[in-house]
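> Fold the following and give me the result.
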Amino acid sequence: MSNTVKIEIIFLACLLNLFQATASKESIPPTTPRLEKIKWDNSLTLPDLDDRPNIGVAGAFSGFIGDNLIIAGGANFPNATPWNGGNKTYWNTIYCINITQPTSKWLVLPQSMPKALAYGNSIELPTGILCIGGCDSTQCYNDVFQIQLIDGQINIDTNWPALPVPLANATASLLGDKIYLAGGQRVWKSLKPPNIFLFWISTIVIKVGKNYHHGRESLEDMQ
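Got it, this is the predicted structure:
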């Protein structure tokens, strides 16, 4: 094959690639969707507590009352991480922020929960946030109370029936006028192995009218 033929073949191949590139370019829409950028903003971290930076809380009760976001209770390791020997602390503090005001900041409210708790359930009701169960460092609780915001003041309504068993780390949902709880942990820790945890595996139903009934009482000893 002569050099002239080789050059002609290379030229035709380049020309074909040019046509293909032009066709592909014309098939692409002239505009592409604009991707949103994720921007992190830490300006609304929880405020200092006891003159110390707030590291945040886990397992808190939370929800909205109108335009106000409420965070109550929870647990953390304020002094040291657990792998460095730190002890978990449970809180009864209530925080509040109005989300409709651009300059709004978190407030540490003077009112507090009846006891320091974490890992319970929160259900938003028209009258406030219903807080169900939870635990501290020693035990689980069957407490049920509601956090209300009346005329700008926090009110704790404890006039709710207690759960039939102490319960933490459960799941809960509001369906119609009933709150369903399922699963969860009834005993925080046992004194002797191998009985490490006891889990409640029946369903508890709380009517918003402040009466409840529960299903079969079934406990499973998790080895």
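> hey, let's count contacts and neighbours off CA atoms from now on
Will do.
> burial count for Trp83?
For Trp83, the count of nearby residues is 7 (other Cα atoms under 10 Å).
> For my notes, confirm it occurs in a helix.
Yes. Counting by DSSP: H, G, I helix; E, B strand; the rest coil, Trp83 is found in a helix.
> Contact partners for Pro53?
Pro47 (Cα atoms under 8 Å, 6 or more residues apart in numbering).
> Could you report the distance from it to Asn79?
11 Å (Cα to Cα, to the nearest Å).
> try Asn159
For Asn159, the distance to Asn79 - Cα to Cα - is 36 Å.
> now swap in Leu149 and tell me
32 Å.
> got it, and Ile156?
30 Å.
> Equivalent analysis for Asp151, please.
Counting by Cα to Cα, the gap from Asp151 to Asn79 is 37 Å.
> Over to Ala72?
Ala72 is 20 Å from Asn79, by Cα to Cα.
> and those two? which has more neighbours close in?
The residue with more neighbours, out of Ala72 and Asn79, is Ala72; 26 against 12, by other Cα under 10 Å.
> mind listing what the more buried one touches?
Ala60, Phe61, Ser62, Asn92, Thr93, Ile94, Tyr95, Ser112, Met113.
> which one is it nearest to, not counting chain neighbours?
Ile94 (4.3 Å; Cα to Cα, 6 or more residues apart in numbering).
> again with Thr138
Trp188 (6.7 Å).
> same question, Ile123
In space, Ile123 is closest to Leu130, 5.0 Å off (Cα to Cα, 6+ apart).
> Just list whatever residues bridge to Glu124.
Ile129 (DSSP bridges).
> let's number from 40 now, not from 1
Okay, using 40 as the starting number, the last item reads as Glu163.
> Just to check, it is in contact with Ile171?
No. Contact criterion Cα atoms under 8 Å: Glu163 and Ile171 do not qualify, at 11.4 Å.
> So between the two, which is more surrounded?
Ile171 (26 against 17).
> residue contacts, that one?
By Cα under 8 Å, 6+ apart, the contact list for Ile171 reads Gly159, Asn160, Ser161, Asn181, Asp182, Val183, Phe184.
> In contact with the second one: list those residues for me.
Neighbour list for Asn160: Phe100, Leu169, Cys170, Ile171, Gly172, Gly173, Ala207, Asn208, Ala209, Thr210, Ala211 [criterion: Cα under 8 Å, 6+ apart].
> try 10 Å
Residues near Asn160 by Cα atoms under 10 Å, 6 or more residues apart in numbering: 98-101, 168-173, 183, 206-212, 220.
> and it, how far is that from Tyr219?
11 Å.
> okay, and the common contacts of those two?
With Cα under 10 Å, 6+ apart, Asn160 and Tyr219 have common neighbours Thr210, Ala211, Ser212.
> Can you tell me the closest non-neighbouring residue to the second one?
Read it as Ala211. Ala211 sits nearest to Leu220 (Cα to Cα, 6+ apart), 4.3 Å away.
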